[in-house]
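Trainee: take a look and give me a structure for this.
(one chain, ligands or ions: 2)
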Amino acid sequence: MKILVTGGTGYIGSHTVVELIEAGYEVEILDNLYNSQKSVLDTIEELTGVKPKFHEVDLRDAEALAGVFQDSNFDAVIHFAGLKAVGESVEKPLEYYENNVGSTINLLECMQEFGVHKIVFSSSATVYGEQDTPQYVETMTTGVTISSPYGWTKYFIERMLMDVAKSDPDFEVTILRYFNPVGAHPSGLLGENPNGKPNNLMPFVMKVATGEIPELSIFGNDYPTPDGTCLRDYIHVVDLAKGHLAALNHLQKGTQVYNLGSGKATSVLEIVKAFSEVSGRLLPHKIVARRAGDLPEFFADPSKAERDLDWKTELGIADAMRDTINYLQKSRGMEI
Ligand code: NAD
Ligand code: WQD
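Mentor: Ligands and ions are numbered 1, 2, ... in the order given. Take a look at the predicted model:
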């Protein structure tokens with residue numbers, strides 16, 4: 001089975017490509033390298049013995065995209081490519097709508113034109129927005145309290161995919177709503193390495209560990225949670241990658257939606273403690289003001305994925321911290 005992975009040199013995409021190749025899939029990667037590096041292809045080869053064919057193409061370039069589909073006979077697409085910085089999306093909403101929604105329109109048009117009908121899409125827990133309870137389940141209404149243009153792009157893409165699957169009975173769509181991906185490949189060769197300023201908690205933790213920034217700013221410790229810091233559902237990127245294989249194996253006509261999370265909530269201070277324990281030294285941190293838009297707590301109800309996809313997380317926070325530190329040491333030159 002031949003899979004086109006858009007965004008395949010990125011953080012989650014690259015880990016998924018490794019799992020796909022190891023499971024015997026043929027993979028081609030499309031990425032414009034906006035937030036990733038070409039050297040990831042060499043790392044994938046080092047890990048799997050296979051260097052996937054690479055298309056340095058921007059999904060917004062419909063002509064170039066058609067060229068990619070023209071030359072290959074894809075059975076399915078896993079669509080990771082997109083911009084993901086929540087704060088930036090508030091400042092530059094049109095860039096986010098153009099890049100995320102516009103790109104996906106091009107991709108779906110090409111899929112229709114070339115008769116490719118299977119797609120797995122990277123959505124996000126952000127589509128749930130604020131709910132009455134912190135444990136999000138797929139049956140909840142989405143799109144009411146989304147707090148950023150980034151979140152809306154995920155919501156609109158979900159809607160588009162559902163509408164396309166309704167209009168064309170050949171389509172098999174699976175939407176995966178990720179919670180908070182963390183960790184790195186256990187080899188220490190692959191991990192999160194964004195270009196420019198990071199946005200999420202772990203890339204900041206990593207920058208503190210490597211000394212690039214002096215201390216982690218924890219956004220608020222006056223939330224109604226046990227230690228006052230926010231609670232999130234952190235999912236190891238390898239578990240998440242395996243969730244994509246499970247989704248591919250269970251594609252069926254119409255649209256399916258699954259949460260990919262652990263079902264457990266961990267606080268920011270617990271992350272700092274876990275990282276400090278594994279590295280053997282306290283991660284410098286300070287409490288600063290709350291960040292606008294942060295919810296005190298949310299985590300997945302992952303039971304639908306467990307039931308239908310036969311998938312659940314196998315790795316925990318300590319594994320994610322160990323693999324992150326291993327990655328920092330082996331691939332980013334950090335000494336501990
Ligand atoms: P990433 O930035 O590491 O990977 C995304 C890749 O897409 C990058 O390599 C980037 O260069 C590429 N890309 C962006 N725009 C493109 C375009 N127009 N054409 C071609 N390539 C393009 O991000 P990630 O963390 O691996 O996230 C992958 C997907 O998962 C994204 O869609 C993201 O929104 C979604 N997601 C991520 C998280 C998270 O916290 N990391 C959580 C939920 C959902
Ligand atoms: C986690 C916790 C912060 C940085 C976002 C998106 C979501 C999904 C995952 C894409 C929060 C705290 C963070 C720092 C901190 N992405 N924090 N200091 O906000 O839960 O979710 O990424 O779809 O859609 O909204 O993740 O990693 O930014 O924050 O204290 O320097 O860490 O306040 O409590 P978030 P995050």
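
Trainee: who in the stretch 1-150 of the chain is up against ligand 1?
Mentor: 7, 9-13, 31-36, 58-60, 80-84, 99, 103, 122, 124 (Cβ under 6 Å from any ligand atom). In this view, the C-beta of every residue, glycine as well, is placed from N, C-alpha and C.

Trainee: got a pLDDT number for Gly49?
Mentor: On pLDDT, Gly49 comes in at 98.

Trainee: can you give me the distance of it to Val18?
Mentor: Per Cβ to Cβ, to the nearest Å, Gly49 is found 11 Å from Val18.

Trainee: one more: Gly183?
Mentor: 13 Å.

Trainee: out of those two, which sits in the more crowded spot?
Mentor: Gly183 (27 against 22; other Cβ atoms under 10 Å).

Trainee: any weak-confidence spans in the stretch 201-336 of the chain?
Mentor: Residue ranges of the stretch 201-336 of the chain with pLDDT under 70: 336.

Trainee: tell me the residue of it that sits nearest ligand 2?
Mentor: For the stretch 201-336 of the chain and ligand 2, the shortest gap (Cβ to the nearest ligand atom) falls at Cys230, measuring 3.1 Å.

Trainee: and that residue, how many neighbours?
Mentor: That count, for Cys230 with other Cβ under 10 Å as the rule, works out to 24.

Trainee: give me phi/psi at it?
Mentor: phi -70, psi 150 (degrees, to the nearest 10).

Trainee: for the one 5 residues further on, same thing?
Mentor: Dihedral pair for Ile235: phi -120, psi 130, per degrees, to the nearest 10.

Trainee: residues touching it, list them.
Mentor: Tyr178, Phe179, Asn180, Pro181, Val182, Leu260, Gly261, Ser262, Thr313 (Cβ atoms under 8 Å, 6 or more residues apart in numbering).

Trainee: give me the nearest residue to the residue in the chain positioned nearest to ligand 1, chain neighbours excluded.
Mentor: Closest to ligand 1 within the chain is Gly10: 2.1 Å, counting by Cβ to the nearest ligand atom. Leaving aside its sequence neighbours, Gly10 sits nearest to Ser36 (Cβ to Cβ, 6 or more residues apart in numbering; 4.6 Å).

Trainee: tally of neighbours for the residue of the chain closest to ligand 1?
Mentor: Neighbours of Gly10 (other Cβ under 10 Å): 28.

Trainee: gap between Ile235 and Thr266?
Mentor: Noted for Ile235: a distance of 11 Å to Thr266, by Cβ to Cβ.

Trainee: typed the wrong thing, it's Met321
Mentor: 11 Å.

Trainee: now do Gly24
Mentor: Gly24 is 34 Å from Thr266, by Cβ to Cβ.

Trainee: repeat that for Leu33.
Mentor: 32 Å.
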